[in-house]
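*Asks:* A predicted structure for the sequence below; I have some questions about it.
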Number of protein chains: 2
Amino acid sequence: MISGGAGKRSGGGPAKCKRCREPAKVEVARANAAFCADCFLHYVRNQVTKAIDEHSMFDKTDRLLVCVSGGKDSLALWDILMDMGYDTTGFYIALWTGEDYCSESRDKCEAFAEKRGGKLIVHDLKEDEGFTIEQIAREGRRTPCSVCGLTKRYLTNLAASQGGYDVLVTGHNLDDEAATLMGNTLHWQTEYIARQMPALPSTHAKLVKKVKPLYRVSERETAAYSIIRGIDYIVEECPLVAGNTQIRYKDALNSLERLSPGTKQQFFFGYLDKAAPLFAASDPVVLRECNECGQPTPGEVCAYCRAKKQLRAKTRPAVEIEEVAP
Amino acid sequence: MISGGAGKRSGGGPAKCKRCREPAKVEVARANAAFCADCFLHYVRNQVTKAIDEHSMFDKTDRLLVCVSGGKDSLALWDILMDMGYDTTGFYIALWTGEDYCSESRDKCEAFAEKRGGKLIVHDLKEDEGFTIEQIAREGRRTPCSVCGLTKRYLTNLAASQGGYDVLVTGHNLDDEAATLMGNTLHWQTEYIARQMPALPSTHAKLVKKVKPLYRVSERETAAYSIIRGIDYIVEECPLVAGNTQIRYKDALNSLERLSPGTKQQFFFGYLDKAAPLFAASDPVVLRECNECGQPTPGEVCAYCRAKKQLRAKTRPAVEIEEVAP
């Protein structure tokens, strides 16, 4: 049986599917349930439907740009949304966090898109932006994970905005959201906590609405879904991720989840139900256009342009640095 | 060197006391510091003074009832407050969580009080209340830790209120507060989060002000303080504590603290600075007097009377249960 969560089934004997009473194949300890393969797929799709409905994420008339990395979460999500008949386009960024990792993850996305007849857009950081995440890690002046996150946020929004998409869709799962919330809560970054909603509306003409339809599905569940559906995904973690604080929070939450199944769900769903309104009351961020690139930012120059400028300062002679208006 | 926190001193060679430059004996990784024994005591007392001042906990004219358990935290705190010249009385409850544990912890309190010439009041649960925590654990109808907490909260307030004390002082340290906050946050128990202030004012004539002057001092630091001061405390944990959720949260926070010293402090101090005002905005609890015992409670019958009633229902024939007005 694939373990879709921590813990053990109570009682003896082989577990039966909660929905159809056939022998169970996947356990979902946090829901105190087990499912056969078909009913598990049904369960996962149901969670996605619930997420889409509860947060009015999108409907069949919307053009969705689905961010894919080649991993289980984003490919499973794209698969589900295509099955449900949504108008989707995949968007892959070659981040170059490692030569092999990058080419393998790209291959997985392209193979999946071809197999499913989905449209995939590829943006190559090295070719299109002139830098790689590996280069940033090597130079050691900024954490690669923070620059990678910033780059992805910037380029996915830019692609969605310029391509006329209505909604930007990411494959963040329950584990991702719970770990991020833990990090934000440990530091009481109230403005980040307020922004952890599964659907963030567009608050600027150039900022596309962002949604996370997998927030109700755990990491083990997206893996089980992908295995059952025969989705060929990249299993390895990004080679630059070691020591990432997100991983620490995931470890801490996994330990707590093992002892008390449902911890992550209670933490994140409880946030949405009980705490989000308290944090949302803080002042909203007002966006304007970046002086350099014209993309939405709360400041004068956006974080992406500032990061690129810092990179240029490192790779070119100092005299060649362009000055930016304050 | 006694490690007063996780992590290692950077750089080689023996560490020097941050304050007097003599060889260091105690490391405080979260403050990126190490101290000689004398300066470490100074550092701990400073943290307590800061806590008392920042939260206007009490002054020299107040009569303080200091809850002591025989453990390092409460005895260290009583020691510090006596040294500072506050008007203190120790209050020990024999909870009977285990025969040996109970008699040893009582001995430690009595020996300390005698050595320091402090006044100690002992309240014996078995003699004075007619039940023991061990009995509750044995019967298994309620978690012993929850009944123990409830009993301590009730009896300490009652003793302080009836004894005419101005302030009830407990030895909760930084680790305790961070772990409690983690539990409350994982469940988003917003009303409990709001009440996690180091000083809770009296909101009813029979509810005594409660303060936690050790909230800025970690568990390892109170241990180091007690060792240096030669305080003979009970080292063992309560025998009923195994599986306690608080321990799980402490373990999770200790793992995070090892990787990033200062995590607990950032979490709890950050809560006080940035998040407490958001939670405090919720509706305040209005207290009235319990129909049974007259002690303050938000409901008709207080939780302590309800727990005792449940216990009587178990230990006496059903017909003898007194009925309580709804």
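*Replies:* Happy to help now that I have it. The structure presented is a predicted model; accordingly, all values stated were derived computationally and were not measured.

*Asks:* confidence score at whatever residue of the stretch 201-326 of chain A ends up closest to chain B?
*Replies:* In the stretch 201-326 of chain A, the residue that lies nearest chain B is residue A:270 (3.8 Å; Cβ to the nearest Cβ). Glycine gets a C-beta too; all of them are placed from N, C-alpha and C. If you check residue A:270, the pLDDT there is 97.

*Asks:* ditto for residue A:102
*Replies:* pLDDT, residue A:102: 89.

*Asks:* what is the helix or strand hosting it packed up against?
*Replies:* In the assignment (DSSP states H and E), residue A:102 maps to helix A:99-116. Contact here means 3 or more Cβ pairs under 8 Å, 6 or more residues apart in numbering or on different chains; DSSP states H and E; on that basis helix A:99-116 packs against helix A:72-83, strand A:87-94, strand A:120-124.

*Asks:* tell me which residues of it come out buried.
*Replies:* A:101, A:102, A:105, A:106, A:108, A:109, A:110, A:112, A:113, A:116 (16 or more other Cβ atoms under 10 Å in any protein chain shown).

*Asks:* nearest to chain B, of those residues?
*Replies:* Of these, the one sitting nearest to chain B (Cβ to the nearest Cβ) turns out to be residue A:101, at 24.2 Å.

*Asks:* wait, isn't the closest one in contact with residue A:239?
*Replies:* Yes: Residue A:101 lies in contact with residue A:239 (Cβ atoms under 8 Å); the separation is 5.4 Å.

*Asks:* which bits of the stretch 151-300 of chain A sit near chain B?
*Replies:* A:185-188, A:190, A:245, A:248-249, A:251-252, A:255-256, A:259-260, A:263, A:266-267, A:270-271, A:273-275, A:278-279, A:281 (Cβ under 8 Å from any Cβ of the partner chain).

*Asks:* how about JSON lines for the buried residues of helix A:99-116, with distance to residue A:208 added?
*Replies:* Conversion of those to JSON lines gives the following (distance: Cβ to Cβ, whole Å):
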{"residue": "A:101", "distance to residue A:208": "27"}
{"residue": "A:102", "distance to residue A:208": "25"}
{"residue": "A:105", "distance to residue A:208": "23"}
{"residue": "A:106", "distance to residue A:208": "23"}
{"residue": "A:108", "distance to residue A:208": "25"}
{"residue": "A:109", "distance to residue A:208": "20"}
{"residue": "A:110", "distance to residue A:208": "24"}
{"residue": "A:112", "distance to residue A:208": "23"}
{"residue": "A:113", "distance to residue A:208": "21"}
{"residue": "A:116", "distance to residue A:208": "23"}
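
*Asks:* tell me the one of those nearest residue A:80?
*Replies:* residue A:116 (11.3 Å; Cβ to Cβ).

*Asks:* still on that earlier bit, who's in contact with the helix holding residue A:102?
*Replies:* With Cβ atoms under 8 Å, 6 or more residues apart in numbering or on different chains as the test, helix A:99-116 has contacts from A:68-71, A:75, A:78-79, A:82, A:90, A:92, A:94-96, A:118-120, A:122, A:231-234, A:236, A:238-239.

*Asks:* please pick the buried ones from the residues you listed.
*Replies:* By 16+ other Cβ under 10 Å, the contacts of helix A:99-116 give A:68-71, A:75, A:78-79, A:82, A:90, A:92, A:94-96, A:118, A:120, A:122, A:231, A:233-234, A:238 as buried.

*Asks:* need the contact list for residue A:177.
*Replies:* A:196, A:198, A:212, A:215, A:268 are the contacts of residue A:177 under Cβ under 8 Å, 6+ apart.

*Asks:* quick check: the two most widely separated of the residues you listed?
*Replies:* A:212 and A:268 (10.7 Å).

*Asks:* next one: phi and psi at the residue nearest the centre of chain A?
*Replies:* Centroid check for chain A by Cα atoms, centre = their mean gives residue A:172 as the closest residue, at 3.1 Å. Residue A:172 adopts backbone torsions of phi -60, psi 130, taken as degrees, to the nearest 10.

*Asks:* give me the average confidence score over stretch A:65-76.
*Replies:* pLDDT averaged over stretch A:65-76 gives 98.

*Asks:* show the end-to-end separation of that stretch, please.
*Replies:* 15 Å (Cα to Cα, to the nearest Å).

*Asks:* contacts only, for the spatially closest residue to residue A:169 that is not a sequence neighbour.
*Replies:* Setting aside the residues directly before and after it, residue A:169 is nearest to residue A:66 in space (Cβ to Cβ, 6 or more residues apart in numbering or on different chains), at 4.5 Å. For residue A:66, the contact set (Cβ under 8 Å, 6+ apart) comprises A:74, A:77, A:78, A:81, A:88, A:89, A:90, A:91, A:169, A:171.

*Asks:* most widely separated two among the residues you listed?
*Replies:* Taking Cβ to Cβ as the measure, the contacts of residue A:66 span a maximum distance of 14.5 Å, between A:89 and A:171.

*Asks:* ok, those two, which is more surrounded?
*Replies:* Using other Cβ atoms under 10 Å in any protein chain shown as the criterion, residue A:89 and residue A:171 rank with residue A:171 on top: 23 against 20.

*Asks:* mind checking the SS state of that one?
*Replies:* With DSSP: H, G, I helix; E, B strand; the rest coil as the basis, residue A:171 sits in coil.

*Asks:* now do residue A:300
*Replies:* Classified using three-state DSSP, residue A:300 is coil.

*Asks:* and residue A:96, by the same measure?
*Replies:* Per three-state DSSP, residue A:96 ends up coil.

*Asks:* show me what contacts it?
*Replies:* So residue A:96 contacts A:102, A:125, A:126, A:132, A:133, A:134, A:135 (Cβ under 8 Å, 6+ apart).

*Asks:* could those residues be laid out in a markdown table, adding secondary structure and distance to residue B:57?
*Replies:* Shown next, in a markdown table, are the contacts of residue A:96 (DSSP: H, G, I helix; E, B strand; the rest coil; distance: Cβ to Cβ, whole Å):
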| residue | secondary structure | distance to residue B:57 |
| --- | --- | --- |
| A:102 | helix | 57 |
| A:125 | helix | 55 |
| A:126 | helix | 59 |
| A:132 | coil | 55 |
| A:133 | helix | 50 |
| A:134 | helix | 53 |
| A:135 | helix | 53 |
